[in-house]
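Colleague: I'd like to go over a predicted model; first the sequence, then the structure.
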Amino acid sequence: MATTTTTTTFDETQHRIAVDQKQLPPFPEDLTTAPLLRISLAKLLAKDKEEIQRFERACEELGFFYLDLRGSGDDLLIQADELFGVSQEVFDLPPEEKLKYDFEHLKVYYGYKRLGASVVDQNGNLDRNEFYNISKDDILEIGQSWPSPKVIHSQRALIRSFITSADAVVTLLLELLNEQLGLPHGTLASMHRLQEPSGNQVRMIKALPQEIDEGTMSAREHTDFGSVTVLFNRLGGLQILPPVGDWCYVKPLPGHAIINLGDAMVKFSNGLLRSNIHRVVSPPGAQARSTRYSLVYFSRPEDNVVLRRLANGTRIPPLEDGVEEEQITSKEWIAKRALRPRTAIYGKDAVCAADGTETISRRQ
Ligand SMILES: O=C(O)CCC(=O)C(=O)O
Ligand SMILES: [Fe+2]
């Protein structure tokens, strides 16, 4: 869907992924997994009616689905694969080098997050992952430029291609959601222009193998804050809490991204669309002994967009009597939700921040 600056061919990449995957222990066969629908990007691009209906169902019922990128999304698959390599190099840097890019003291949500910087539950347990957030505005040179290690700086072209390709997928999904909500043409697109300032980011995540302990969370349970998340997983560990039932693993599928909707879509649609609760725990079975890397592209509304029900969507339910919506912009919402669990900022008051759209996410 988008041009790539990479030199590897799709076949070479598929081969490498296959080799990499073979080196990873398999996802256990006997585990109950989340019933995510598999949606084909090629069919959505071809405006296949049945596929669009399945997409709409996934967005209302679970807010999570697999997107099969093989074919139409090959560029994105290749770029994601290359970024997995970059991400390993980033996390292999010495701790003192990584800490140079920890901008937590500036209360921003970019740069490096060290292990254990945030609380994950009511008992004050700390997270067990490292991540690195890269600002879309920085990479596209429309916003503040953040210092970064050489391994990231030298890959800006690749990161830019990845953002462009992932965002092209998001744009298609937003166009379909626009229809689904009965909004005037281009409403959602006008709130998600790539060239306007927003909190969109690329996140690279690393979690080391952990003690085998069912409750061990590397990422707290949460809903995503933005609009649409494009996630690449190779090892299990991601779990969702379905509206009915208990936590279940999402099995990674080669050639597919995992897509989920965030809080902004719940607010825009007054709960018609779902932003489902999820978390990351130790990978299951034999995978638990492997280091887990994941790669994410977060699309969020432009900074100044107010997150509230869109009044002109014919399919969007009305507000209940007496309900007054808060006036909060996308930028304020992200700052509020993202930094509340950080102990260095909030000390004992750091909370795992279940103040998003979790209640709506549990509706049946
Ligand atoms: O690592 C994963 O699979 C999911 C990460 C996630 O949910 C997030 O960063 O919001
Ligand atoms: Fe998430």
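Modeller: Cool, got the structure. Ligands and ions are numbered 1, 2, ... in the order given.
Colleague: if I look at Ser179, how far off is His185?
Modeller: Small correction: residue 179 is Glu, not Ser. Computed with CB to CB, to the nearest Å, the distance linking Glu179 and His185 is 9 Å. The C-beta positions use only the backbone N, C-alpha and C, and glycine is treated the same way.
Colleague: Neighbour count for these two, which is higher?
Modeller: Set side by side, Glu179 and His185 show more neighbours around Glu179, with 14 against 10, by other CB atoms under 10 Å.
Colleague: Could you list the buried residues of the host helix or strand of the more buried one?
Modeller: Applying DSSP states H and E as the criterion places Glu179 in helix 156-180. With burial defined by 16 or more other CB atoms under 10 Å, the residues of helix 156-180 counted as buried are 158-167, 169-174, 176-178, 180.
Colleague: Distance of Glu97 relative to Glu104?
Modeller: In this view, Glu97 and Glu104 are 16 Å apart by CB to CB.
Colleague: between those two, which one's more packed in?
Modeller: The neighbour count for Glu97 versus Glu104, taken as other CB under 10 Å, is higher for Glu104 (19 against 14).
Colleague: Hmm, Tyr346 and that one touching each other?
Modeller: No: Glu104 sits out of contact with Tyr346 when judged by CB atoms under 8 Å, with a separation of 11.0 Å.
Colleague: which residues does Asp48 contact?
Modeller: Taking CB atoms under 8 Å, 6 or more residues apart in numbering as the definition of contact, the neighbours of Asp48 are Ser40.
Colleague: Three-state assignment for whichever residue of the stretch 1-150 of the chain sits closest to ligand 1, please.
Modeller: At 7.0 Å from ligand 1, Phe131 is the closest residue in the stretch 1-150 of the chain, using CB to the nearest ligand atom. The three-state label given to Phe131 by DSSP: H, G, I helix; E, B strand; the rest coil is strand.
Colleague: Check the contact between it and Leu115; I expect there is one.
Modeller: No: here Phe131 does not reach Leu115: they are 9.7 Å apart, not a contact under CB under 8 Å.
Colleague: the more surrounded of these two?
Modeller: The neighbour count for Phe131 versus Leu115, taken as other CB under 10 Å, is higher for Phe131 (23 against 15).
Colleague: beta partners of the more buried one?
Modeller: Applying DSSP bridges to Phe131 yields these beta-bridge partners: Lys113, Ile205.
Colleague: quick one: it and Trp333, what's the gap?
Modeller: According to CB to CB, Phe131 stands 20 Å off from Trp333.
Colleague: repeat for Asn260
Modeller: Relative to Trp333, and taking CB to CB, Asn260 is found at 17 Å.
Colleague: again with Asp30
Modeller: Taken as CB to CB, the spacing of Asp30 relative to Trp333 amounts to 40 Å.
Colleague: Please, where are all the helices along the stretch 1-150 of the chain?
Modeller: 10-23, 41-45, 49-61, 74-92, 95-99, 136-139, 150-153 (DSSP state H, counting those that start in this stretch).
Colleague: With distance to Arg340 added, can I get those helices in a markdown table?
Modeller: Shown next, in a markdown table, are those (distance: least, CB to CB, whole Å):
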| stretch | distance to Arg340 |
| --- | --- |
| helix 10-23 | 36 |
| helix 41-45 | 35 |
| helix 49-61 | 27 |
| helix 74-92 | 25 |
| helix 95-99 | 22 |
| helix 136-139 | 23 |
| helix 150-153 | 27 |
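Colleague: Rebuild those helices as CSV, extending it with mean pLDDT and distance to ligand 1.
Modeller: What follows is the helices of the stretch 1-150 of the chain, written out as CSV (pLDDT from 0 to 100; distance: least, CB to the nearest ligand atom, whole Å):
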stretch, mean pLDDT, distance to ligand 1
helix 10-23, 66, 16
helix 41-45, 98, 20
helix 49-61, 98, 17
helix 74-92, 96, 12
helix 95-99, 97, 18
helix 136-139, 98, 15
helix 150-153, 97, 18
